[in-house]
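> need coordinates for the below:
(one chain, ligands or ions: 1)
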Amino acid sequence: MIDIEAVKAAIAAVAGTRATVRLEGTRLGVVVDATGLDPKARDALEATVKMAATAPGVGEVRVVMTAERTTRRLIAVASGKGGVGKSTLSANLAIALSRAGRRVGLVDADIYGPSQPRLMGVEGTRPTAKDKVLDPVPTPYGVPLLSMGQLVDPGRALAWRGPMAAGALGQLVEADWGATDTLVLDLPPGTGDVQLTMVQKYRPAGAIIVSTPQDLALIDARRAIDLFEKAGIPIIGLVENMAGYVCPHCGESSDPFGNGGAEAAARELGIAFLGRVPLTLSIRTASDAGTPPAAEPDDVIFAALAAQVVAWIGKM
Ligand SMILES: Nc1ncnc2c1ncn2[C@@H]1O[C@H](COP(=O)(O)OP(=O)(O)OP(=O)(O)O)[C@@H](O)[C@H]1O
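Residues are numbered from 1 along each chain as shown. Prediction:
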């Protein structure tokens, strides 16, 4: 005999008025209104309701979460030229977004130097596939990953033109991402045909441009912005990487390339300025060792960038 009132009380204790309970024979169905919850809170509520519903005599428990599933958004990270820290930023932003409550996956589309498997601590891991659909590789940071480097041998993709690169990107983006709601896309550096074709075909919701202080006087950042404007993709904003040098010995910060230039450049270009990431030895060593600094409990730098991106997504 099932004590339905006790079961209802147990469910109400964790879900309040969000839950509606129905018993058919020994089958218990619970419909939970998940409106307004972020993806992680929604998962957590589903798990606690399931636990609360498991009572003596109950055969099967079915929990149905209502409210629309959020659509998966691609957030592109781009740079006008190589070596500005686009991959480092993509990895750390993906982790920081995950820590901010989003369900995040990372797509490494950088055919010229796919570095995400190393940055995310899963170098040498190959994804499996089911019916030709790839299964993203889990990483120690709760952000599953697919990388061009896991599909093709280094060097082979270098000569690809746009359509081939976009075809390969399709396998990464259309993989089995499950409940992932945000895909951070690490684009190849530059603003040529490969990047334009990828962007036109997979239409990111928005783009983040990474630049360094010494590039800002140059036209690279502007070229990257033009690329997205041409494709009709909104720019989320500009991140200045390697902004100021933090001495590993005394912790003092200095600005060999001046200070405030990026913010002024963003203003001039008519885009938002998302923040600066300093040039520090620890960012380089931690990233290269596969232990991204955004995963550290005391991270504030990448968390602040992620907060801006979450706010931008919220306004969409
Ligand atoms: N803020 C930083 N402080 C110190 N080192 C950094 C910082 N950002 C990136 N680096 C280092 O700079 C190098 C280049 O970074 P990264 O590979 O992320 O650049 P990229 O723009 O993605 O390059 P590519 O165009 O080759 O893909 C790496 O060794 C990385 O560890």
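
> so is the helix or strand where Ala286 lies next to the ligand?
Following DSSP states H and E, one finds Ala286 within helix 281-288. Yes - using Cβ under 6 Å from any ligand atom, helix 281-288 reaches the ligand at Ile283, Arg284, Ser287, Asp288. Backbone N, C-alpha and C define where each C-beta goes, glycine included.

> ok now that helix, how far from the chain's centre?
Relative to its parent chain, helix 281-288 has a centroid offset of 20 Å by Cα atoms, centre = their mean, to the nearest Å.

> which other helices and strands contact it?
Packing partners of helix 281-288 (3 or more Cβ pairs under 8 Å, 6 or more residues apart in numbering; DSSP states H and E): helix 86-99, helix 116-119.

> pLDDT (mean, whole number) over the last one?
Model confidence over helix 116-119, given as mean pLDDT, is 96.

> in its sheet, what does the following helix or strand past that helix sit against?
Downstream of helix 116-119, the next assigned helix or strand under DSSP H and E is strand 128-130. Each strand paired with strand 128-130, and its direction, by DSSP bridges: strand 133-135 (antiparallel).

> for the helix or strand just after the partner strand, buried residues please.
Next helix or strand after strand 133-135 toward the C-terminus (DSSP H and E): strand 145-147. Residues Leu145, Leu146, Ser147 are the ones in strand 145-147 that count as buried (16 or more other Cβ atoms under 10 Å).

> and the ligand, is whatever helix or strand comes next after strand 145-147 touching that?
The element immediately downstream of strand 145-147 (helix or strand, assigned by DSSP H and E) is helix 148-151. No - using Cβ under 6 Å from any ligand atom, helix 148-151 stays clear of the ligand, coming no nearer than 11.1 Å.

> can you list contacts of whatever helix or strand comes next after helix 148-151?
Counting by DSSP H and E, the next helix or strand C-terminal to helix 148-151 is helix 162-173. By Cβ atoms under 8 Å, 6 or more residues apart in numbering, the surrounding residues in contact with helix 162-173 are 74, 107-109, 111, 134, 146-148, 151-152, 157, 160, 183, 185, 188, 193-194, 196-198, 201-202.

> give me the phi and psi angles of the residue nearest to Ser254 when sequence neighbours are not counted.
Of all residues not flanking Ser254 in the chain, Tyr245 sits nearest, at 5.3 Å (Cβ to Cβ, 6 or more residues apart in numbering). When read as degrees, to the nearest 10, the backbone of Tyr245 gives phi -110, psi 130.

> next one: the one 4 residues further on
For His249, the backbone dihedrals are phi -90, psi -50 (criterion: degrees, to the nearest 10).

> pLDDT weak spots in the stretch 101-250 of the chain?
215-218 (pLDDT under 70).

> how about the residues of it near the ligand?
Asp110, Gly113, Ser115, Pro189, Asn241, Met242.

> for my notes, please list those in JSON lines and give secondary structure and neighbour count for each entry.
Converted to JSON lines, these look like this (DSSP: H, G, I helix; E, B strand; the rest coil; neighbours: other Cβ atoms under 10 Å):
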{"residue": "Asp110", "secondary structure": "coil", "neighbour count": "23"}
{"residue": "Gly113", "secondary structure": "coil", "neighbour count": "16"}
{"residue": "Ser115", "secondary structure": "coil", "neighbour count": "21"}
{"residue": "Pro189", "secondary structure": "coil", "neighbour count": "22"}
{"residue": "Asn241", "secondary structure": "strand", "neighbour count": "22"}
{"residue": "Met242", "secondary structure": "strand", "neighbour count": "24"}
